[in-house]
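J.: here are the coordinates; sequence isn't available:
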């Protein structure tokens, strides 16, 4: 997602310049697609069936219910292709960058992850687990208020962060 940043040119006129995204930098991120689905019987099945006819695989999914619609947050192994599939089927969607953390082994994995982020003063908006085990370990997708700072904090604490290439490799596990 590119946004414009106001800048002043030589004549003092405001101009806009695109900002880079975390994806284009040395920050491991994963694109999440949030699909808006009507609250009608069979809509979740309709959504997931779209990928049955393709080689796109759902790697993680979270469904958030509201009165008028549901939001299906998904991580797919081919976000470009899945965007095309979803828009061709007339689904409304948005994309967001998340971090995916490979959890350390042991019963304190989540505690250690949350403690590291809290220590870095990172706000967690939501999280959900992956259906695959990249690098043979459990992993969670985490939406945070500051991706770059989150990555720095987690790396400082020895966490393994995954990107879309790691997840693509995991789809065959």
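T.: Ah, there it is. Just so you know, these numbers come straight off a predicted model, no measurement behind them.
J.: Helices of the protein, residue ranges please.
T.: Taking DSSP state H as the criterion, the chain contains helices spanning 43-49, 79-88, 109-119, 147-156, 164-170.
J.: which stretch among these comes nearest residue 137?
T.: Between residue 137 and the helices of the chain, the shortest gap by C-beta to C-beta is with helix 109-119, which sits at 9.0 Å. The C-beta positions use only the backbone N, C-alpha and C, and glycine is treated the same way.
J.: what's the average pLDDT for the closest one?
T.: Regarding helix 109-119, the rounded mean pLDDT is 96.
J.: got a list of contacts for that helix?
T.: Contacts with helix 109-119, where a contact means C-beta atoms under 8 Å, 6 or more residues apart in numbering, come from 101, 103-104, 124, 138, 140, 142, 144, 150, 153-154, 156-157, 159.
J.: picking up where we left off before, go through the helices of the chain and name the closest to residue 71.
T.: Ranking the helices of the chain by their distance to residue 71 (criterion: C-beta to C-beta) puts helix 43-49 first, at 11.3 Å.
J.: which other helices and strands contact that closest one?
T.: Other elements packing on helix 43-49 under the criterion 3 or more C-beta pairs under 8 Å, 6 or more residues apart in numbering; DSSP states H and E are strand 30-38, strand 69-76.
J.: List the buried residues in it.
T.: Within helix 43-49, the residues scored as buried using 16 or more other C-beta atoms under 10 Å are 43, 47.
J.: And for it, what's in contact with it?
T.: Helix 43-49 is contacted from outside by 35, 37, 58, 63, 70, 72, 91, using C-beta under 8 Å, 6+ apart.
J.: Just put the residues you listed in JSON lines and tack on distance to residue 28, pLDDT and neighbour count.
T.: Formatted as JSON lines, the contacts of helix 43-49 follow (distance: C-beta to C-beta, whole Å; pLDDT from 0 to 100; neighbours: other C-beta atoms under 10 Å):
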{"residue": "35", "distance to residue 28": "24", "pLDDT": "96", "neighbour count": "23"}
{"residue": "37", "distance to residue 28": "29", "pLDDT": "92", "neighbour count": "18"}
{"residue": "58", "distance to residue 28": "20", "pLDDT": "94", "neighbour count": "17"}
{"residue": "63", "distance to residue 28": "25", "pLDDT": "94", "neighbour count": "14"}
{"residue": "70", "distance to residue 28": "29", "pLDDT": "91", "neighbour count": "18"}
{"residue": "72", "distance to residue 28": "24", "pLDDT": "95", "neighbour count": "22"}
{"residue": "91", "distance to residue 28": "27", "pLDDT": "93", "neighbour count": "18"}
